[in-house]
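Peer 1: Model the following, please.
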Amino acid sequence: MFIFALVVSFIIVFDRRLKELRLINKLTQQELANLLFVSKSTICSYEKGKRMASIDTLIKISNIFNVNIDYLVGYKSAKVTKEDVIVNILYEEYEMIKELRKYSKLYSLIINNPKRVIALLEKRII
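Peer 2: Down below sits the predicted model:
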């Protein structure tokens, strides 16, 4: 019974947080659906609390909105902090990421499906 209550609690928080993040980032349900490679009705189901996202989708959503999964499901109230991410990258890579983030849709596409983006780029470049 406890696990059921926990899952219901996650769904109740997730639906509100997802809609809030989508609206703050000025995305329509269709635009978010495109970024996640799901249908608009799936996003609508998430936001109405009728359906819970898979762990893979939660990861994609957390990357799109730069929040952690704990925040999405209500376990934490804080967004991602510096302590949540430990990375060792070159300065040039950091600069490239900074530039890419200016193009939120492209950045999300790259983060969510890097192999596909690389394949498309290789076709155009080669």
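
Peer 1: residues in contact with the spatially most central residue of the chain?
Peer 2: Residue closest to the average C-alpha location in the chain (C-alpha atoms, centre = their mean): Ile61, at 1.7 Å. By C-beta atoms under 8 Å, 6 or more residues apart in numbering, the residues touching Ile61 are 18, 21, 36, 53, 72. Backbone N, C-alpha and C define where each C-beta goes, glycine included.

Peer 1: Which residues are in contact with the second one?
Peer 2: Taking C-beta under 8 Å, 6+ apart, we find Leu21 in contact with 61, 65, 67.

Peer 1: I'd like the next helix or strand past the host helix or strand of it.
Peer 2: Following DSSP states H and E, one finds Leu21 within helix 2-24. Using DSSP H and E, the helix or strand that follows helix 2-24 in sequence is helix 29-36.

Peer 1: In that next one, which residues are buried?
Peer 2: With burial defined by 16 or more other C-beta atoms under 10 Å, the residues of helix 29-36 counted as buried are 29, 31-36.

Peer 1: quick one: contacts of that helix?
Peer 2: 22, 27, 39-40, 42-44, 47, 57, 60-61, 64, 105, 108-109, 112.

Peer 1: which residues of the chain fall in helices?
Peer 2: Here the chain has its helices, by DSSP state H, at 2-24, 29-36, 40-47, 55-65, 69-72, 91-100, 104-112, 114-125.

Peer 1: Closest to Ile125 out of the contacts of helix 29-36?
Peer 2: Nearest to Ile125 out of the contacts of helix 29-36 is Leu109 (C-beta to C-beta; 16.9 Å).

Peer 1: Could you list which residues are in contact with the spatially closest residue to Leu58 that is not a sequence neighbour?
Peer 2: Excluding the flanking residues, the one nearest Leu58 by C-beta to C-beta, 6 or more residues apart in numbering is Ile69, at 5.0 Å. By C-beta under 8 Å, 6+ apart, the contact list for Ile69 reads 58-59, 62.
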